[in-house]
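>>> Give me coordinates for this.
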Amino acid sequence: MTVKYYAILTNQGAARLANATMLGSKLNLTQMAVGDANGVLPTPDPAQTKLINQKRIAPLNLLSVDPNNQSQIIAEQIIPENEGGFWIREIGLYDEEGVLIAVANCPETYKPQLQEGSGRTQTIRMILVVTNTEAITLKIDPSVVLATRKYVDDEVLELRLYVDEQMRNHIAAQDPHTQYAQKHNPTFTGEPKAPTPAAGNNTTRIATTAFVQAAITALINGAPATLDTLKEIAAAINNDPKFSTTINNALAGKQPLDNTLTHLSGKDVAGLLTYLGIGETGKYDILPASRGGTGASTIAGALINFGLSDLVTAGLVQVESGTDFITAKIPFLSGGSKRFLMIHAIKATMPANNNGYNLTVTFPTAYDNAPIPILGSTVGLTSTTGGTTESMNISSVTKSGCIISSVWQTWSEGPVYLLTIGGVAA
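As a prediction, the model looks like this:
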């Protein structure tokens, strides 16, 4: 089917667009005109310099590159409802110098006026294919051009995206309002003011200088007259904040003063003992019981006189030691007889052997009865096969010795430590 409706560049329009493209300048499209072509559908002619029968010319409302085809530009004009009364069959596009750049025909449409009983806003759109869309710009007077709904929606969307981004950046900023003090740890400058709390307020409200001054005045007015000399008292004690401690330290080395001790510094030891009523004490090497002593000339005698004769009878702790043992004998009395609590700490050597080896241990001194083995240690043994220490069994305990059985894997030679406790007669 033959194309019936189309738009073309005029000869002047093609020349101006080519020149703008070559020079890198802009072709500014400013106005669109419509006409009725004298009642006959016209055929666009590139030689045209004006419309056949122009009815209206006004500034463009929109000029943009088609987002779906980058080689097409879309020019739009809105005819308001208060204009009309003519048919539209031809469209012309003019630049800022009034030169017809493009011309087009369109399906016949009638634009009524309001007084005809029908009114509408009509959008006239021309789509023009060019080789270089960057060389064409829209130049309009925004004060007299009516915007299309799509244009407004697009601009509002763009503005909203911009505002949203600015708000996000604003909220994310650490201190977006540098002219205001922050809520957390604010630093005030100038002369900030705050409400003054009522007198006696003890909440966390800000204490203004007026509140503090009122509190100080109330304290001064309520102070007794005896505090008027507070400054003199402070000066008298050399402004010492720890005066009471200083006085107590100074008095710590002093003695009570009475008539007898007035000349105490002149007395010798004998005189001091006489004053204390124990002057006879200095005459005795051994203090008799009548003077508060024991009357004994030896430590043992003193213990007996104090009723601690068991300590004298039992005797002192005895300790014996050898290469692989230490024996401690602790004396005590049992039923009037002296005995020892004997403790053996023995180091025995375990030869390298397999699990279950029995090592016989003989006590350095035999007990009266079989002792209690209270500790067995294998610290120091070294594994020859990478095994781990598990335990040690002590069995066949007699008054003269015991048997240590190994419960582990093959070990190299190492020490075994044993601690036994039991009784023995003195």
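
>>> With residue 65 as the reference, measure out to residue 94.
From residue 94 across to residue 65, the span is 19 Å (CB to CB, to the nearest Å). Where you see a C-beta, it was placed from the backbone N, CA and C, and this is true even at glycine.

>>> Can you pick out the residue with more neighbours from the two?
Using other CB atoms under 10 Å as the criterion, residue 94 and residue 65 rank with residue 94 on top: 20 against 15.

>>> tell me which element that one falls in.
Using DSSP states H and E, residue 94 sits within strand 86-95.

>>> show me where pLDDT drops low in the stretch 51-200 of the chain?
The model of the stretch 51-200 of the chain has pLDDT under 70 over residues 131-151.

>>> And residue 193, which helix or strand is it part of?
For residue 193, there is no enclosing helix or strand under DSSP H and E.

>>> Might you report the residue contacts of the spatially closest residue to residue 103 that is not a sequence neighbour?
The spatial neighbour of residue 103 that comes closest, neighbours along the chain excluded (CB to CB, 6 or more residues apart in numbering), is residue 44 at 4.7 Å. Contacts here follow CB atoms under 8 Å, 6 or more residues apart in numbering; on that basis residue 44 touches 6-8, 90, 103-105.

>>> try 7 Å this time
6-8, 103-105 (CB atoms under 7 Å, 6 or more residues apart in numbering).

>>> Just the buried subset of those, please.
7-8, 103-105 (16 or more other CB atoms under 10 Å).

>>> CA-only coordinates of stretch 326-340, as CSV, when you get a sec.
Extracted in CSV, the C-alpha atoms of stretch 326-340 (Å, rounded to 0.1, in the frame of the first residue of the first chain):
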residue,chain,number,x,y,z
ILE,A,326,62.4,-39.3,102.3
THR,A,327,61.0,-40.6,105.6
ALA,A,328,59.3,-38.3,108.1
LYS,A,329,58.3,-39.5,111.7
ILE,A,330,55.9,-37.3,113.5
PRO,A,331,55.7,-38.1,117.3
PHE,A,332,52.5,-38.4,119.2
LEU,A,333,51.2,-40.1,122.4
SER,A,334,48.7,-42.9,122.2
GLY,A,335,47.4,-44.3,125.5
GLY,A,336,50.4,-42.9,127.3
SER,A,337,52.8,-44.6,124.9
LYS,A,338,55.0,-42.6,122.4
ARG,A,339,54.5,-43.5,118.8
PHE,A,340,55.3,-42.1,115.3
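
>>> can you list contacts of it?
310, 313-320, 341-345, 364-365, 423-426.

>>> list the contacts for the most centrally placed residue in the chain?
Nearest to the mean C-alpha position of the chain, by CA atoms, centre = their mean, lies residue 184 at 15.7 Å. Contacts for residue 184 were tallied using CB under 7 Å, 6+ apart; there are none.

>>> what's the distance between it and residue 192?
From residue 184 to residue 192 the distance is 16 Å (CB to CB).

>>> now do residue 349
As defined by CB to CB, residue 349 lies at a distance of 86 Å from residue 192.

>>> Now stretch 350-364: average pLDDT?
Per-residue pLDDT over stretch 350-364 has a mean of 78.

>>> From the opening residue of that stretch to its closing one, how far?
18 Å (CA to CA, to the nearest Å).

>>> Make residue 1 into 18 and carry on from there
Shifting the count to begin at 18 puts that one at stretch 367-381.

>>> what about residue 440, is that helix, strand or coil?
strand (DSSP: H, G, I helix; E, B strand; the rest coil).

>>> Could I get the CA-only coordinates of the lengthiest helix in the chain as PDB?
For the chain, the longest helix by residue count, based on DSSP state H, is helix 166-189. Taking C-alpha atoms only, helix 166-189 is exported to PDB below (Å, rounded to 0.1, in the frame of the first residue of the first chain):
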ATOM      1  CA  ARG A 166       0.700  15.500  30.100                       C
ATOM      2  CA  LYS A 167       3.500  13.100  29.300                       C
ATOM      3  CA  TYR A 168       6.100  15.900  29.400                       C
ATOM      4  CA  VAL A 169       4.900  16.800  32.900                       C
ATOM      5  CA  ASP A 170       4.800  13.200  34.100                       C
ATOM      6  CA  ASP A 171       8.300  12.600  32.800                       C
ATOM      7  CA  GLU A 172       9.600  15.800  34.400                       C
ATOM      8  CA  VAL A 173       7.900  15.000  37.700                       C
ATOM      9  CA  LEU A 174       9.400  11.500  37.700                       C
ATOM     10  CA  GLU A 175      12.800  12.800  37.000                       C
ATOM     11  CA  LEU A 176      12.400  15.400  39.800                       C
ATOM     12  CA  ARG A 177      11.200  12.700  42.200                       C
ATOM     13  CA  LEU A 178      14.100  10.500  41.500                       C
ATOM     14  CA  TYR A 179      16.500  13.400  42.100                       C
ATOM     15  CA  VAL A 180      14.700  14.400  45.300                       C
ATOM     16  CA  ASP A 181      14.700  10.800  46.600                       C
ATOM     17  CA  GLU A 182      18.500  10.500  45.900                       C
ATOM     18  CA  GLN A 183      19.200  13.800  47.700                       C
ATOM     19  CA  MET A 184      17.100  12.800  50.700                       C
ATOM     20  CA  ARG A 185      18.900   9.400  50.900                       C
ATOM     21  CA  ASN A 186      22.200  11.100  50.900                       C
ATOM     22  CA  HIS A 187      21.000  13.700  53.400                       C
ATOM     23  CA  ILE A 188      19.800  11.000  55.900                       C
ATOM     24  CA  ALA A 189      23.000   8.900  55.400                       C
END
